[in-house]
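# Turn this into a structure:
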Amino acid sequence: MTKHRTRIIALVALVVLAAVSLLFFRKKPDTESGKKSLPSAASIAVSVEAASVAAVRDSLSVVALIEAWRDVDIHAETSGIVRSVSSEVGQRKNAGQPLLKVDDEVAASALRKARVNCELARHDFERYDRLQKEGAVAVSSFDAMRLKLEDAEADLVAARRRVEDAAIKAPFAGVITARLVEVGDLVQQGMKVANMVDLSKVKIVSLIPEKQVSLIAEGMPVQVTTDVWPGKVFRAKVQSVSAKSSRDHTYRVESVMDNPKETPLRAGMFARTAFVGSSSRQALLIPRRALNGSIADAEVFVVSGGRARLKKIVAGGEYGSRLEVLQGLAAGDEVVVSGQSDLDDGALVTVSKGEAGR
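Numbers count the residues shown, from 1 in each chain. I've put the predicted structure just below:
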């Protein structure tokens, strides 16, 4: 009985030992597999390029608007009925040529009367002048006659001006762009009757942001292009830079050029102006594609010690495909130019072969 019990106990122990061994060997591969499946700090492949110093010439290109050299609203200087019109929209007029004429019958009559009065006053003055020299009249009487002549001459000037004002003339050589009255219309003094522009020259108006207005100076050459004349580059020169900004913090810059007869420009056309500096300077440049975010809040990833570090920078101007860095980097710093979309600050990186320092 004792031997039989001993055998049973040994058999049970053997079975338990076998079960434990089997469980141990089954769990060992799982443990190793689990270890292999744990996430590891894998590196990310990126391409880099070193920040470099190069000579640049400051330039700026903006959309501009073409304006006439002179653009004037013409107003009536007297009241009356329009008796004749000698101008049409699109017609070219020389300075002093008539545009339209207001009834001047009353003004002409007043002029004739003023001439008569002035002539009488002159005769009286000359007579009193002779008598005064002979001592036949008092000095006070002579002075009164002199003042009468001056008053008559002033009336004559005013009457002549009223007649002249009845004929509305071109103030300069230019083109009629609007005529607002017809024969028979009643015009009042100060009423707008026409518009003229002088396109012998044109002004190219550019609005420059305050950050870049310091690049512009009077006399700077400007390259002007327009879709109206594709492939044609016009040469202008900066005439003025506004001393006061508008509400959107831009400054009005006016450039001037002769309007070519072969390829004329018209007021109201859009153009593109390129301002190019006269001298070059040294600047720290990186590829534009390295930028992470906007230029206003610029950041780049810099590779150092096998890790990508996110750095804030202050961006300057753009020169083709490259961007100037004013603060935040030094020459030789390797910035990530591709693969940065997968990066976080401090991520492990592997630089792709043939990209570093390219």
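# Helices of this structure, residue ranges please.
Using DSSP state H, the helices found in the chain span residues 2-37, 105-134, 139-166.
# Could you give the average pLDDT over the longest one?
What helix 2-37 shows for mean pLDDT is 54.
# what do you get for stretch 248-268?
Stretch 248-268 comes out at a mean pLDDT of 94.
# Give the buried residues for it.
Neighbour-count burial for stretch 248-268 flags 250-255, 257, 259, 265, 267 (criterion: 16 or more other CB atoms under 10 Å). C-beta here means a position set from N, CA and C on the backbone, and glycine is covered the same way.
# From the recorded domain assignment, give the ranges for the chain.
For the chain, the domain assignment from automatic domain parsing gives the residue ranges 46-56+282-351, 60-67+197-280, 77-190.
# got the contact list for the nearest residue to residue 177 once chain neighbours are set aside?
Leaving aside its chain neighbours, residue 177 sits nearest to residue 195 (4.8 Å; criterion: CB to CB, 6 or more residues apart in numbering). Contact analysis of residue 195 by CB atoms under 8 Å, 6 or more residues apart in numbering lists 71-74, 176-178.
# go on, residue 237?
Taking CB under 8 Å, 6+ apart, we find residue 237 in contact with 219-222, 255-257.
# Repeat the analysis, applying 7 Å as the threshold.
219, 221-222, 255-256 (CB atoms under 7 Å, 6 or more residues apart in numbering).
# Output those in JSON lines; the columns should cover distance to residue 111.
Formatted as JSON lines, those follow (distance: CB to CB, whole Å):
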{"residue": "219", "distance to residue 111": "50"}
{"residue": "221", "distance to residue 111": "54"}
{"residue": "222", "distance to residue 111": "51"}
{"residue": "255", "distance to residue 111": "47"}
{"residue": "256", "distance to residue 111": "42"}
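# what's the farthest-apart pair in these?
221 and 256 (11.7 Å; CB to CB).
# Tell me the spacing between residue 220 and residue 327.
Residue 220 sits 27 Å away from residue 327, going by CB to CB, to the nearest Å.
# ok so, going back, and which of the contacts of residue 237 is nearest to residue 116?
Distance to residue 116 across these (CB to CB) is lowest for residue 256, with 51.2 Å.
# hey, what's the closest one bridged with?
residue 203, residue 237 (DSSP bridges).
# How about residue 132, nearest residue that isn't a chain neighbour?
residue 142 (4.1 Å).
# do the same with residue 128
residue 145 (4.3 Å).
# Pretty sure that neighbour sits against residue 127.
No. Assessed by CB atoms under 7 Å, residue 145 is found out of contact with residue 127, at 8.2 Å.
# of these two, who's got more company?
Comparing residue 145 with residue 127 by neighbour count (other CB atoms under 10 Å), the higher total belongs to residue 145, at 20 against 12.
# Residue 182: what's it in contact with?
Contacts of residue 182 (CB under 7 Å, 6+ apart): 82, 85.
# what's residue 213 in contact with, if anything?
By CB under 7 Å, 6+ apart, the neighbours of residue 213 are 241, 251.
# still on that earlier bit, could you check the pLDDT of the residue nearest to residue 132?
For residue 142, the predicted pLDDT is 86.
# residues touching residue 281, list them.
Contacts of residue 281 by CB under 7 Å, 6+ apart are residue 56.
# Show me the beta-bridge partners of it.
residue 56.
# what does residue 169 give?
residue 98.
# The one 10 residues further on now?
Beta bridges link residue 179 to residue 194, judged by DSSP bridges.
# who are the neighbours in contact with residue 248?
Applying CB under 7 Å, 6+ apart, no residues qualify as near residue 248.
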